[in-house]
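Trainee: fold the following, please.
(2 chains)
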There are 2 protein chains.
Amino acid sequence: MRMSALSARTGVPVPTLKYYLREGLLPPGRATSPNQAQYDDSHVDRVTLIKALTEVGGLDLATVGRVLHVIERPEVERLGVLGSAQRALLGAEFVDLDESESRAIPTSRARDWAYRRGWQIDLHDPVLDDLDRAWAACESAGIGVDEERLDAYADAVERIGEIDVASVPPEPRAAVRQVILGTVLVDPVLTALRRLAQQHIAVSRDHRP
Amino acid sequence: MRMSALSARTGVPVPTLKYYLREGLLPPGRATSPNQAQYDDSHVDRVTLIKALTEVGGLDLATVGRVLHVIERPEVERLGVLGSAQRALLGAEFVDLDESESRAIPTSRARDWAYRRGWQIDLHDPVLDDLDRAWAACESAGIGVDEERLDAYADAVERIGEIDVASVPPEPRAAVRQVILGTVLVDPVLTALRRLAQQHIAVSRDHRP
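Mentor: The predicted model follows:
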């Protein structure tokens, strides 16, 4: 199909498609003349994916680029898939675990908490810095999240993690794809569910005899 | 304190503070001369809150404005606090429930699912449109989220909602503040916890005898 048809199929304007091409987010089509190229269903899939990652997942295009790069790495190892995928989302460099183990672990409230909880995670992980920032923001806004409440949240979130991990296929490339897209695209599902669950619970509680 | 001191205390540059003043996000200080004003701790709190909502909560300034407006409405009713607060975040208008009940309920997959689940929620709620969009994006990216998996997520998220609702104080203004800030600022905490729980569970599973 021509670029105009790709635009019609995906709902993404032609200038945006041209931008994706220039940025390397969308592979070039098959050239049919110096000024024309043909696109196929793989381009439709790719554009739909970029659209979902930006519009639903809220990623910027630089992060989308990293995510697409990781999804396409054929050599990625099964072990470390989760960490690598998550770090691509965060914009952090891929961390060599052997190397990272020789670095000192930063001290932080989130790390102390995760260690006490017994979570088997890499304490260098920058997601822990995210948790520190988010936790501190709650406190500074007067939303008291003490360690007991964080543990209660973590109990519930572990159940979510069980569902997530059970859905990851064994084949590495499919696993990376599932982890990254499942992380980015399921977040908004969970966010909407949380708002609805709050309403349901508030109403049930108010009407409790 | 002068504006330069407010900037130093909060880490927000003076031009940004001036912008907040112009946009009405920050109340004016007490004028001490035609070109000078004094700010106090309430201004520090407000700037810290705007910073948390934008930097951690990821809200744009228009949404921050609506959130601050709702937090300050002294007349808000206890009942409907959750819905009003959530709609302010979504950018939807405040919906009069009597009026909304006379409108037809749109049909959608999320509404069918929520109805079958027995959730006591307003089926006009635009959060359900968010859920529809997020759910469709998962499917179109090949992340299979069937109704069974959505139910499993909802089971876990109900536990999160129980924690959320239990923390809401009875006094209406405090309740609105808690609901809005708890919704916006705890989302990033839960997002970070989900990534860490995934890692912990993946590692535990791989090392299971």
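
Trainee: convert stretch A:174-191 to CSV, retaining C-alpha atoms only.
Mentor: What follows is stretch A:174-191, C-alpha atoms only, in CSV (Å, rounded to 0.1, in the frame of the first residue of the first chain):
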residue,chain,number,x,y,z
ALA,A,174,8.2,-13.1,22.6
ALA,A,175,9.0,-12.7,26.3
VAL,A,176,10.6,-9.3,25.9
ARG,A,177,7.7,-8.1,23.8
GLN,A,178,5.2,-9.3,26.3
VAL,A,179,7.1,-7.8,29.3
ILE,A,180,7.6,-4.4,27.7
LEU,A,181,4.2,-4.0,26.2
GLY,A,182,2.5,-5.7,29.1
THR,A,183,4.2,-3.2,31.4
VAL,A,184,3.4,-0.1,29.5
LEU,A,185,0.0,-1.0,28.2
VAL,A,186,-1.4,-2.8,31.3
ASP,A,187,-0.5,0.2,33.6
PRO,A,188,-3.4,2.3,32.2
VAL,A,189,-5.8,-0.7,32.6
LEU,A,190,-4.8,-1.0,36.3
THR,A,191,-5.0,2.8,36.8
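
Trainee: buried residues, that stretch. List them.
Mentor: Within stretch A:174-191, the residues that count as buried by 16 or more other CB atoms under 10 Å in any protein chain shown are A:175-191. Bear in mind the C-beta positions are built from the backbone N, C-alpha and C, glycine included.

Trainee: and chain B, which of those reach it?
Mentor: A:177-179, A:181-183, A:185-191 (CB under 8 Å from any CB of the partner chain).

Trainee: determine which residue lies closest to the centroid of chain A.
Mentor: By CA atoms, centre = their mean, chain A has its centre lying nearest to residue A:184, at 3.2 Å.

Trainee: what pLDDT does it get?
Mentor: If you check residue A:184, the pLDDT there is 84.

Trainee: how far out from the middle of the chain is stretch A:159-171?
Mentor: Counting by CA atoms, centre = their mean, to the nearest Å, stretch A:159-171 is centred 14 Å from the centre of its parent chain.

Trainee: could you see whether chain B lies near that stretch?
Mentor: Yes. Shown here: stretch A:159-171 in contact with chain B (CB under 8 Å from any CB) through A:159, A:160, A:161, A:162, A:163, A:164, A:165, A:167, A:168.

Trainee: can I get that stretch as CSV, trimmed to CA atoms?
Mentor: Only the C-alpha atoms of stretch A:159-171 are listed here, as CSV (Å, rounded to 0.1, in the frame of the first residue of the first chain):
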residue,chain,number,x,y,z
ARG,A,159,-0.8,-10.7,43.0
ILE,A,160,-0.7,-8.5,40.0
GLY,A,161,2.9,-9.5,39.4
GLU,A,162,2.0,-13.2,39.6
ILE,A,163,-0.6,-12.6,36.8
ASP,A,164,2.0,-10.6,34.8
VAL,A,165,4.8,-13.2,35.1
ALA,A,166,2.5,-16.2,34.4
SER,A,167,1.6,-14.6,31.0
VAL,A,168,5.3,-14.3,29.8
PRO,A,169,6.0,-16.9,27.1
PRO,A,170,9.3,-18.9,27.3
GLU,A,171,10.7,-17.8,23.9
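
Trainee: so what touches it?
Mentor: A:78, A:81, A:175, A:178-179, A:182-183, A:186, A:190, B:144, B:149, B:152-153, B:155-157, B:159, B:194, B:197-198, B:200-202, B:205 (CB atoms under 8 Å, 6 or more residues apart in numbering or on different chains).

Trainee: run a quick neighbour tally on residue A:115.
Mentor: 12 (other CB atoms under 10 Å in any protein chain shown).

Trainee: tell me the contacts of it?
Mentor: residue A:123.

Trainee: let's see that with 10 Å instead.
Mentor: A:105, A:121, A:123 (CB atoms under 10 Å, 6 or more residues apart in numbering or on different chains).

Trainee: element containing it, please.
Mentor: Using DSSP states H and E, the element containing residue A:115 is helix A:109-117.

Trainee: close to chain B, is the helix or strand following that helix?
Mentor: For helix A:109-117, the following helix or strand on the C-terminal side (DSSP H and E) is helix A:127-140. Yes. Contact of helix A:127-140 with chain B (CB under 10 Å from any CB of the partner chain) involves A:127-140.

Trainee: now do helix A:127-140 against helix A:109-117, angle only.
Mentor: If you take axes from the mean of the first three to the mean of the last three CA atoms, to 10 degrees, helix A:127-140 sits at 110 degrees to helix A:109-117.

Trainee: could you point out the helix or strand that follows helix A:127-140?
Mentor: Next element after helix A:127-140 (DSSP H and E): helix A:147-166.

Trainee: what about that following helix, average pLDDT?
Mentor: In the prediction, helix A:147-166 has an average pLDDT of 92.

Trainee: residues of that helix that come out buried?
Mentor: A:149-150, A:152-154, A:156-165.

Trainee: closest to residue B:51 among the residues you listed?
Mentor: residue A:150 (21.9 Å; CB to CB).

Trainee: and the strands in chain A?
Mentor: All strands of chain A, identified by DSSP state E, fall at A:30-33, A:36-38.

Trainee: ok, which of those comes nearest residue A:18?
Mentor: With CB to CB, the closest approach to residue A:18 among those belongs to strand A:36-38: 11.1 Å.

Trainee: what packs against that closest one?
Mentor: helix A:3-10, strand A:30-33 (3 or more CB pairs under 10 Å, 6 or more residues apart in numbering or on different chains; DSSP states H and E).

Trainee: can you list the strands that it pairs with?
Mentor: When sheet partners are counted by DSSP bridges, strand A:36-38 sits next to strand A:30-33 (antiparallel).

Trainee: residues near residue A:27, how many?
Mentor: 13.

Trainee: what are the phi and psi angles of residue A:120?
Mentor: Dihedral pair for residue A:120: phi -90, psi 90, per degrees, to the nearest 10.

Trainee: how close does residue A:170 sit to residue A:161?
Mentor: Counting by CB to CB, to the nearest Å, the gap from residue A:170 to residue A:161 is 18 Å.

Trainee: and residue A:31, bridged to which residues?
Mentor: Residues in beta-bridge contact with residue A:31 (DSSP bridges): residue A:37.

Trainee: per-residue pLDDT of it, please?
Mentor: The model's pLDDT for residue A:31 equals 90.

Trainee: do any residues in stretch A:55-75 lie close to chain B?
Mentor: Yes. With CB under 10 Å from any CB as the criterion, chain B is reached by stretch A:55-75 at A:55, A:56, A:57, A:58.

Trainee: put the alpha carbons of that stretch into PDB.
Mentor: Output of stretch A:55-75 as PDB, limited to C-alpha atoms (Å, rounded to 0.1, in the frame of the first residue of the first chain):
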ATOM      1  CA  GLU A  55      -1.300   7.500  23.300                       C
ATOM      2  CA  VAL A  56      -2.200   4.900  25.800                       C
ATOM      3  CA  GLY A  57       1.100   4.200  27.400                       C
ATOM      4  CA  GLY A  58       2.100   7.900  27.500                       C
ATOM      5  CA  LEU A  59       5.700   7.200  26.300                       C
ATOM      6  CA  ASP A  60       7.700   9.900  24.500                       C
ATOM      7  CA  LEU A  61       9.200   9.000  21.200                       C
ATOM      8  CA  ALA A  62      12.700   8.500  22.600                       C
ATOM      9  CA  THR A  63      11.400   5.900  24.900                       C
ATOM     10  CA  VAL A  64       9.400   4.300  22.200                       C
ATOM     11  CA  GLY A  65      12.600   4.100  20.200                       C
ATOM     12  CA  ARG A  66      14.400   2.300  23.000                       C
ATOM     13  CA  VAL A  67      11.500  -0.100  23.500                       C
ATOM     14  CA  LEU A  68      11.300  -1.000  19.800                       C
ATOM     15  CA  HIS A  69      15.100  -1.600  19.900                       C
ATOM     16  CA  VAL A  70      14.800  -4.000  22.800                       C
ATOM     17  CA  ILE A  71      11.900  -5.800  21.300                       C
ATOM     18  CA  GLU A  72      13.900  -6.500  18.200                       C
ATOM     19  CA  ARG A  73      17.200  -7.600  19.900                       C
ATOM     20  CA  PRO A  74      17.200 -11.300  18.900                       C
ATOM     21  CA  GLU A  75      20.100 -12.100  21.200                       C
END
